[in-house]
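Student: quick check, what structure comes out for this input:
(chains A and B)
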Amino acid sequence: MKFPPNRMLVPAQIFAATFGLVALTMWPPASGSMLLVPLGSDGGATVQGALAGGAALLGAGPFPGSLVVVGDRARIAPRVAWNTVIMAAPPAGCGANGGAGRPV
Amino acid sequence: MNHITSALKPAFSWLDLRAKFGATVEFRHDAGLNPLDRLRRRAVQAWALIGWTSFGGLLIGNAILGAGTGVPLLVIGTIITAGPTAMALSGRYDAEARTLMGSLAAVIPAMLVFLLKGHPWQMDAHMYFFVGMAALVMLADWRPIALATVLTAVHHLALQWWAPEFVFTGSGNLGRVIFHVVAVGLQFGALTVLTIQLERLFQSQSAALRRSRELTQVAKDGQRQTEEAMLQARTAEAVATRERRQREEQAARIASERRGELVVLANEFDHSVTSVVKSIGQATERLEHAAVRLEDVTGDATQDAVEAASGAGRAARDIAHVASSIRDLSESIRTIAIAADQQSQLTVVASLEAHRSVQTVAMLEDHAVQIEVILDDIRELANKTNLLALNATIEAARAGDAGRGFAVVAGEVKGLSADTKQASNRISMLLTGIREGVADTGEKLRSVNTAIGQVSVAASGIATAVGEQRFTAQEVDAGAARAVGAAKEIGTRIDGVAEAAGSAALLSASVRGSASDLAASARNLRSSTDLFVSFLQADDAAAA
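Tutor: Next comes the predicted model:
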């Protein structure tokens, strides 16, 4: 049986899969270490918002102005600015080395 | 191949369950597909179902674990499963549709890893990557395996490059990532070899199945034809048996009838043969006599022909001799004709000369007449001179002495006149004799001229007659030549006649021999006929 070819079908699916894999990798956990990346230049507001949400600062992130915090995503997210991206912070991708438990 | 199909059947048993539960997937279209396409079509549908089942299982796990990842799972699961589901519902199983399934094999285990983030089993969830890649073998295509491999390896390597801490806790460990990528690559290689072999196996099985179906169809056709042939054979055998029985009965009846007819025919045949043999004997006897007579006749004819040929040869030689004589005669006639022509020409010349002589004689006569006239004039002059001399004498006499001399002259003149008259008489006498001779000569010349004319006419007649005779002689000569040729041809034909007569004699001898053989054959025929008729009569007596 012959089907009409669609050249965009496979690339679109690859894009969707890539997007899904990246999103899954970067999706912040419900609680734990998170990376706050401000898209603007007001890094102080981001820190204040995170602290207001009960997060604890762990250090600077890999990106300029980014922060690595520990906290509850449900509490932090409403406090930070709308242009701050909340991402998972390492180690969070494929799991802890040696099968460690949830990060503190 | 059958054992492979049998081994795969349990794996697709759920499809039968779908059919039992009234699922929207229709399998009736599978009937026209070859086994490989059927496998791929069902694998695409299975992968769509796997996607949604896993999706649901992940959501349930999220609820059980309280991981709080429902939203990303819901969003990403819906996005990533939509395309394969559309392929399955549209019945597509082509290369594009199969390739899309590779994304499910990469993303669904990733979703499981994501769900178990921070859980002690998170690392163990990676095994489901290999389970998913292995499950792609159902598609019998290396493309989806390659896509799953590339997605898995690339996203790990990309993260290793961009954010190493996202891959493994602690510091970036490229070696470990590469170690994983090599494992995935080896998995891809092994599964690719397996899928290629599986595809070839299915293709060969499809060809064998198609061939077996063709052979089965041929066998069925052959069986049907055999059954039809056997039925026809049985029918034909029954018909043949019935017809054979009828033929035997008919043959027996016909044989009985034919036997009687044969006896009658034998008797008639015997009678006919007897009469024929008798006729043949008589005919051969007559033929032998005729042949003998023909031999005699042909012998005589041959002898006559030989003699005729000899006579024809002699006649030809005589005719040739006559023709030679005629040619000599013709030559003599030609010589005579030439002489006659010369004579005719000479007579013409003589006639002309005689005519001129006659004219000359006539002219002499005219001259003689003119001379007589002149003599008459001379004679008259002499008379007048004599008369004058007489007058002179008279005068001289009157003159006396004085006239004496004159008287002498007058006497001399008177003598001259007498001499003149005397001479004129002699001339007249001579002239009369000449005129008589000329007249006689003219007469004779005319006679000669007349004779010459008659000779010329006779010579012309001779020339004409000789010319005609010459032409006749030429025709006689040509006729003699033709007679010689005809005599030769007659001789040749008579030789042919003699030869034909000899051949006829030989044929007559041959005919006589053949007539003897025919008479012998007639006797043999008579003996055979007697034997045949005796046999038929004896057979009829035995059958009766």
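
Student: ok, which stretches of the chain are helices?
Tutor: Because you didn't say which chain, this covers chain A. Ranges of helices in chain A, per DSSP state H, are A:9-26, A:43-52, A:73-76.

Student: not quite, go with chain B.
Tutor: B:2-8, B:13-20, B:35-65, B:70-89, B:95-115, B:127-135, B:142-162, B:174-398, B:404-543.

Student: so how far is B:Ser460 from B:Leu329?
Tutor: Counting by C-beta to C-beta, to the nearest Å, the gap from B:Leu329 to B:Ser460 is 22 Å. Yep, even glycine has a C-beta here, placed from its N, CA and C like the rest.

Student: please disregard the earlier target; I meant B:Gly57.
Tutor: From B:Gly57 to B:Ser460 the distance is 166 Å (C-beta to C-beta).

Student: also B:Ala323?
Tutor: B:Ala323 is 31 Å from B:Ser460, by C-beta to C-beta.

Student: B:Asp37 too?
Tutor: Taken as C-beta to C-beta, the span from B:Asp37 to B:Ser460 is 137 Å.

Student: equivalent analysis for B:Val137, please.
Tutor: B:Val137 is 149 Å from B:Ser460, by C-beta to C-beta.

Student: what does B:Leu390 give?
Tutor: 69 Å.

Student: same deal with B:Ser534?
Tutor: B:Ser534 is 106 Å from B:Ser460, by C-beta to C-beta.

Student: do B:Ser90 as well
Tutor: 143 Å.

Student: between the two, who's got more neighbours?
Tutor: More neighbours surround B:Ser460 than the other of B:Ser90 and B:Ser460, with 16 against 11 (other C-beta atoms under 10 Å in any protein chain shown).

Student: ok, the more buried one touching B:Asp341?
Tutor: No - using C-beta atoms under 8 Å, B:Ser460 is not in contact with B:Asp341; the gap is 9.5 Å.

Student: what about residue 35, neighbour count?
Tutor: You didn't pick a chain, so chain A it is. A:Leu35 - counted by other C-beta under 10 Å - has 24 other residues nearby.

Student: hm, I was asking about chain B
Tutor: Neighbours of B:Pro35 (other C-beta under 10 Å): 19.

Student: and what of B:Phe202?
Tutor: B:Phe202, neighbours per other C-beta under 10 Å, totals 22.

Student: repeat that for B:Leu525.
Tutor: 15.

Student: how about it, what does it touch?
Tutor: Applying C-beta atoms under 8 Å, 6 or more residues apart in numbering or on different chains, we find B:Leu525 in contact with B:273, B:276-277.

Student: closest one of the residues you listed to chain A?
Tutor: B:Val273 (91.0 Å; C-beta to the nearest C-beta).

Student: so that closest one touches B:Leu531, yeah?
Tutor: No - B:Val273 is beyond contact range of B:Leu531, at 11.5 Å (criterion: C-beta under 8 Å).

Student: neighbour count winner among these two?
Tutor: B:Val273 (20 against 10).

Student: now do the contacts for that one.
Tutor: B:525-526, B:529.

Student: for it, report the pLDDT, please.
Tutor: Predicted confidence (pLDDT) for B:Val273: 79.
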